[in-house]
Structure formats: structure tokens, C-alpha cells
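>>> 3D, please:
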Amino acid sequence: MTVKAIEASLIHKLADYYNEPAWIEISEDLLLLKRLHAEKSSYMKSGQSIVFDALREMPFDDSIGGDIPISEKEEQVRTQFDKCLRDARQSVERSMRKLAKLDDELLERVKSILEQTESINSYVKEG
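Now for the predicted structure:
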């Protein structure tokens with residue numbers, strides 16, 4: 001089960017119950033984006049994040065040849081996370097376009113979430 005599916009499982013059941021399948025995709029996308037934003041915030045504050053930890057365990061194409069410096073690996077992890085964040089934002093935008101009409105309050109909330117993740121390259125450089 002993916003993070004996206006876990007985060008949205010309750011809303012998925014409600015959307016099924018009310019026969020509103022369009023809400024499944026937007027809710028999954030929004031909750032994933034919020035989770036990624038929370039993970040980045042956690043990483044920025046404490047250096048700890050379960051998503052960043054998982055990304056550190058993943059092999060990257062250019063690291064096949066051997067060990068790479070920790071700082072370079074961390075930069076690869078940040079780059080990969082930013083790609084995930086960018087993809088999640090684009091997914092939210094696509095889902096929003098699919099919904100015929102959003103009420104103004106929901107639209108403003110979605111815009112607020114998107115604005116929070118607008119500047120995705122906001123890591124503080126050390127040294």
C-alpha cells in the first residue's frame with residue numbers, strides 16, 4: 001500500500017459511499033502533497049523524516065560504481081524528494097481541472113496548499 005493510498009483511505013470510503021469518484025483522486029493527491037510538505041518541514045527542522053530515510057536507502061543510477069560522499073548522497077536525496085514534490089503538485093493541479101466545479105472555500109484551500117510547496121528548492125546550505 002502506498003503513502004498516497006494510506007493517507008486517503010477514509011476519504012476514499014466516503015467518496016465511494018456518496019458515489020463521488022472525482023473526490024477520490026483529488027483527496028489522494030492533496031493528502032499526499034500535505035504529507036510530503038510535512039515530511040520536508042520535519043527534515044528541515046530536525047534532519048529527520050521517514051520519507052528522506054527511505055530515499056537514502058534507494059540506489060541512484062550514478063552510485064552503482066561504489067561509495068559516494070555523504071554530502072553528495074544527501075543532495076541526490078533532496079533532488080529526488082523535490083521531484084516527488086513537483087510530481088505531487090502537478091497531480092493536484094490535474095485533479096483540480098477534472099472537477100467540474102469547486103466551491104470557493106475549497107479552491108482557496110487547495111491554492112494555499114499549492115503555495116506552501118511552490119518553492120521546492122528551499123534547503124538551507126551548510127557551510
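>>> show me the contacts for E7.
Each residue near E7 by C-beta atoms under 8 Å, 6 or more residues apart in numbering is listed here: 28, 31-32, 34-35. Quick note: C-beta positions are derived from backbone N, CA and C, even for glycine.
>>> correction: E20
By C-beta under 8 Å, 6+ apart, no residues touch E20.
>>> can you give me the neighbour number for the residue lying closest to Q116 once chain neighbours are set aside?
Leaving aside its sequence neighbours, Q116 sits nearest to H37 (C-beta to C-beta, 6 or more residues apart in numbering; 5.5 Å). Number of residues near H37 (other C-beta atoms under 10 Å) recorded here: 17.
>>> give me phi/psi at H37?
The phi/psi pair for H37 (degrees, to the nearest 10) reads phi -60, psi -40.
>>> mind giving me the packing neighbours of the biggest helix by length in the chain?
Longest helix of the chain, by residue count under DSSP state H: helix 70-98. Secondary-structure packing of helix 70-98 (3 or more C-beta pairs under 8 Å, 6 or more residues apart in numbering; DSSP states H and E): helix 21-46, helix 50-57, helix 104-116.
>>> recalculate using a threshold of 10 Å.
Contact partners of helix 70-98 among helices and strands, from 3 or more C-beta pairs under 10 Å, 6 or more residues apart in numbering; DSSP states H and E: helix 3-17, helix 21-46, helix 50-57, helix 104-116.
>>> the third one to helix 70-98, inter-axis angle?
With axes from the mean of the first three to the mean of the last three C-alpha atoms, to 10 degrees as the criterion, the two stretches helix 50-57 and helix 70-98 enclose an angle of 120 degrees.
>>> which outside residues touch helix 50-57?
Helix 50-57 has contacts (C-beta atoms under 10 Å, 6 or more residues apart in numbering) with 3, 35-36, 38-40, 42-43, 49, 70, 73-74, 76-81, 84.
>>> good, wrapping up.
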